[in-house]
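S.K.: Could you work out the structure for the sequence below:
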Amino acid sequence: MALPVAFFGLFFGYPVATIVGRGLREDGRWQLARAAEVVTSPDTVQVLWFTLWQAAASTALTLAIALPGAYVFARFDFPGKRLLRAVVTVPFVLPTVVVGSAFLGLLGRGGLLDDHFGVRLDTGVWAILLAHVFFNYAVVVRTVGGLWGQLDPRQEEAARVLGASRFAAWRRVTLPALAPAVAAGALMVFLFTFTSFGVIQILGGARYATLEVEIYRQTAQLLDLPTAAVLSLLQFAAVGGLLAVHAWTVRRREGALRLVDERHAARRPSGAGQWALLASQLVVIAVLLVGPLLVLVERSLAAPGGYGLDFYRALNAPVDAASTFVVPPLAAVGNSLSYAAVATLIAVTVGTLAAAALTHRAGPLVRGFDALLMLPLGVSAVTVGFGFLITLDEPPLDLRASWILVPLAQALVGVPFVVRTMLPVLRAVDDRLREAAAVLGASPLRAWREVDFPLVRRAMLVAAGFAFAVSLGEFGATVFIARADEPTLPVAVERLLGRAGELNYGQAMALSTILMLVCAVTLLALERVRTNRSGEF
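M.R.: A predicted model of the protein is given here:
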């Protein structure tokens, strides 16, 4: 636990605590009255209410749409299943600004629905809710479907033989085993939508703001650190409560019914009902998930002179005084790949050590450590990024001018995915194998190298691939610390979208398409090496 604790303490706890402390202290004294004033402000109450409401509505809508998809992926075997599993995961790792822009082009003024049907959904909250479903569909499919696919179907069949109806057998046998996974998936969706930033920033406008958007506005636009600090603490408290409940659901899920190889549970659809269910889910995936991705591709090819590669060629055009960047936008591709590779190495090292520590018998210390590892997914990325600028600027940690700052921020987001992927696999390793190695004279390190590693290396590859894809799409903290001459892909897209002009918009869509393709190839490769117990995601 030493290295993960040191890593999170230095690059997460220290920056967040420092920026919150600066906001709440003045002349050496705590400004508790100011904190109470901010919390009870009508504006804060309104922001908190909308944050909770939209997160609850997004979670309910995601479960309603994704649970049938989880069943299809768990119980049906059909051609192209691996490819489809990778496709539905691509939205989860895309930068939020990219997805917000895609949904604006699909549902907003002048979008495809507006042009062809005169329908606009960006005037209310529907665009926000649908964008959140787009993001989190894969969370439910992988969290719930991953367990569902390993539940032995013969247990439900035995209930049918004993006289139970199909629904009664599912309700009494399968649902109790699935309930912890459904709860864990719902909590993760609620967590991600509760801290939503890019989608709300683009699709919400001035009428809608979550805590994360308000923290960004108070920090970057109004420079009101005290208010931002209070809002960060409010969000931190809410996220801490959610993670405590999530940890409890994960422990309950580990006591599920007997698990089998998912290849033995999945069968070819039979009967009109099953084929209709499969067809309906393919339509949902095509419209809700693939549709916005195709919008990115279409917009990247829609040049003023007709469809072509003009915007892609412009990515490598020479830089002049009117350019958005000091380097050609295409340089962001190489920067992102390099940063993501380093971030992946850090995340896999820290995350594997953390997962190994968590395989031991859980006590209060270990459970608290598990919650600590998940905090970067819920704590304001704006606070983390701004905290990096404030704290890592003096020797021996003067890193503001160093390239390593970006991979460190990306690794903070990647570690939770590595832990959640590696942990179930490590816990499945029989302790007697390690004990036998120790009896034969092997040191703990050699036992890990010759017993654990051969059994978990495929899961480690999956974890590394997921950390790589997530690092490519990290935006909230990176936007504060990426240098102008070394932008990442998400930062480059955001800067291009912030500049008027068809060329800037087309280049943003071209970079977004490149990022989408890289993520899709990475996730497709993961499907070829994923294990049957490769974690929650």
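S.K.: Could you look up the next helix or strand downstream of the helix or strand of the chain with the lowest mean pLDDT?
M.R.: Across the helices and strands of the chain, mean pLDDT, DSSP states H and E gives its lowest value to helix 262-265, namely a mean of 56. Using DSSP states H and E, the next helix or strand after helix 262-265 towards the C-terminus is helix 271-284.
S.K.: Mean confidence (pLDDT) on that next one, please.
M.R.: Across helix 271-284, the average pLDDT comes to 87.
S.K.: could you pull out the strands for the stretch 251-400 of the chain?
M.R.: With DSSP state E, counting those that start in this stretch as the criterion, the stretch 251-400 of the chain has strands at 302-303, 306-307, 393-394, 397-398.
S.K.: Provide the strand pairings for the first one, with the direction of each partner.
M.R.: This means strand 302-303. Looking at strand 302-303 with DSSP bridges, its partner strands are strand 306-307 (antiparallel).
S.K.: go on, the last one?
M.R.: Applying DSSP bridges, strand 397-398 is found paired with strand 393-394 (antiparallel).
S.K.: what about the strand it pairs with, average pLDDT?
M.R.: 74.
S.K.: my guess is Cys519 contacts Leu472, does it?
M.R.: Yes. With contact defined as Cβ atoms under 8 Å, Cys519 reaches Leu472; the gap is 6.3 Å. Quick note: C-beta positions are derived from backbone N, CA and C, even for glycine.
S.K.: relative orientation of the longest helix along the chain and helix 271-284 in degrees?
M.R.: Ranked by residue count and defined by DSSP state H, the top helix of the chain is helix 42-75. If you take axes from the mean of the first three to the mean of the last three Cα atoms, to 10 degrees, helix 42-75 sits at 140 degrees to helix 271-284.
S.K.: Packing partners of helix 42-75?
M.R.: Helix 42-75 is packed against helix 81-93, helix 126-148, helix 175-194, helix 211-216, helix 225-253, helix 262-265, helix 271-284, with contacts defined by 3 or more Cβ pairs under 8 Å, 6 or more residues apart in numbering; DSSP states H and E.
S.K.: got the contact list for the closest residue in space to Gly387 that isn't next to it in sequence?
M.R.: Spatial nearest neighbour of Gly387, chain neighbours left out: Pro15 (2.8 Å); criterion: Cβ to Cβ, 6 or more residues apart in numbering. Applying Cβ atoms under 8 Å, 6 or more residues apart in numbering, we find Pro15 in contact with Thr383, Val384, Gly387, Phe388, Ile390, Thr391, Leu392.
S.K.: 10 Å instead, please
M.R.: Counting by Cβ atoms under 10 Å, 6 or more residues apart in numbering, Pro15 touches 383-392, 409, 412, 477.
S.K.: I'd like to know which of these are buried.
M.R.: Using 16 or more other Cβ atoms under 10 Å as the burial test, these include Thr383, Val384, Gly385, Phe386, Gly387, Phe388, Thr391, Leu392, Ala409, Leu412, Ala477 as buried.
S.K.: can you tell me which of these are in helices?
M.R.: Checking the buried ones among the contacts of Pro15 against DSSP H, those in helices are Thr383, Val384, Gly385, Phe386, Gly387, Phe388, Thr391, Ala409, Leu412.
S.K.: Output the residues you listed as JSON lines; include the columns distance to Glu157.
M.R.: Shown next, in JSON lines, are these (distance: Cβ to Cβ, whole Å):
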{"residue": "Thr383", "distance to Glu157": "51"}
{"residue": "Val384", "distance to Glu157": "49"}
{"residue": "Gly385", "distance to Glu157": "52"}
{"residue": "Phe386", "distance to Glu157": "56"}
{"residue": "Gly387", "distance to Glu157": "54"}
{"residue": "Phe388", "distance to Glu157": "55"}
{"residue": "Thr391", "distance to Glu157": "58"}
{"residue": "Ala409", "distance to Glu157": "50"}
{"residue": "Leu412", "distance to Glu157": "45"}
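S.K.: Which of the contacts of Pro15 sits closest to Met460?
M.R.: Of all the contacts of Pro15, Met460 sits closest to Leu412, with 19.2 Å by Cβ to Cβ.
S.K.: Excluding residues flanking it in the chain, which one is nearest the closest one?
M.R.: Per Cβ to Cβ, 6+ apart, closest to Leu412 is Pro376, 4.4 Å.
S.K.: okay, and for the stretch 151-300 of the chain, where does confidence drop off?
M.R.: For the stretch 151-300 of the chain, residues meeting the criterion pLDDT under 70 lie at 205-206, 246-266.
S.K.: can you tell me which residues contact the residue nearest to Glu212 when sequence neighbours are not counted?
M.R.: Residue nearest to Glu212 in three dimensions, not counting chain neighbours: Phe197, with 4.4 Å by Cβ to Cβ, 6+ apart. Each residue near Phe197 by Cβ under 10 Å, 6+ apart is listed here: 96-97, 100, 210-213, 215-216, 380-382, 475-476, 479.
S.K.: follow-up on the earlier one: wouldn't the residue nearest to Leu412 be in contact with Val418 here?
M.R.: No. Using Cβ atoms under 10 Å, Pro376 is not in contact with Val418; the gap is 12.0 Å.
S.K.: Common neighbours of these two, please.
M.R.: Common neighbours of Pro376 and Val418 (Cβ under 10 Å, 6+ apart) are Ala411.
S.K.: Tabulate the buried ones among the contacts of Pro15 (JSON lines), appending distance to Val326.
M.R.: Output for the buried ones among the contacts of Pro15, formatted as JSON lines (distance: Cβ to Cβ, whole Å):
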{"residue": "Thr383", "distance to Val326": "28"}
{"residue": "Val384", "distance to Val326": "25"}
{"residue": "Gly385", "distance to Val326": "21"}
{"residue": "Phe386", "distance to Val326": "23"}
{"residue": "Gly387", "distance to Val326": "26"}
{"residue": "Phe388", "distance to Val326": "21"}
{"residue": "Thr391", "distance to Val326": "26"}
{"residue": "Leu392", "distance to Val326": "23"}
{"residue": "Ala409", "distance to Val326": "21"}
{"residue": "Leu412", "distance to Val326": "27"}
{"residue": "Ala477", "distance to Val326": "22"}
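S.K.: quick one: Pro487 is in a helix?
M.R.: No. Per DSSP: H, G, I helix; E, B strand; the rest coil, Pro487 lies outside any helix segment and is coil.
S.K.: Now do the contacts for it.
M.R.: By Cβ under 10 Å, 6+ apart, Pro487 lies in contact with 324-327, 329, 331-332, 335-336, 406, 478-479, 493-496, 511.
S.K.: Please apply the same query to Ala279.
M.R.: Ala279 makes contact with Val72, Pro269, according to Cβ under 10 Å, 6+ apart.
S.K.: ok, it to Asp452 distance?
M.R.: 43 Å (Cβ to Cβ, to the nearest Å).
S.K.: One more: Met374?
M.R.: Counting by Cβ to Cβ, the gap from Met374 to Asp452 is 23 Å.
S.K.: ok, how many other residues are close to Val491?
M.R.: 26 (other Cβ atoms under 10 Å).
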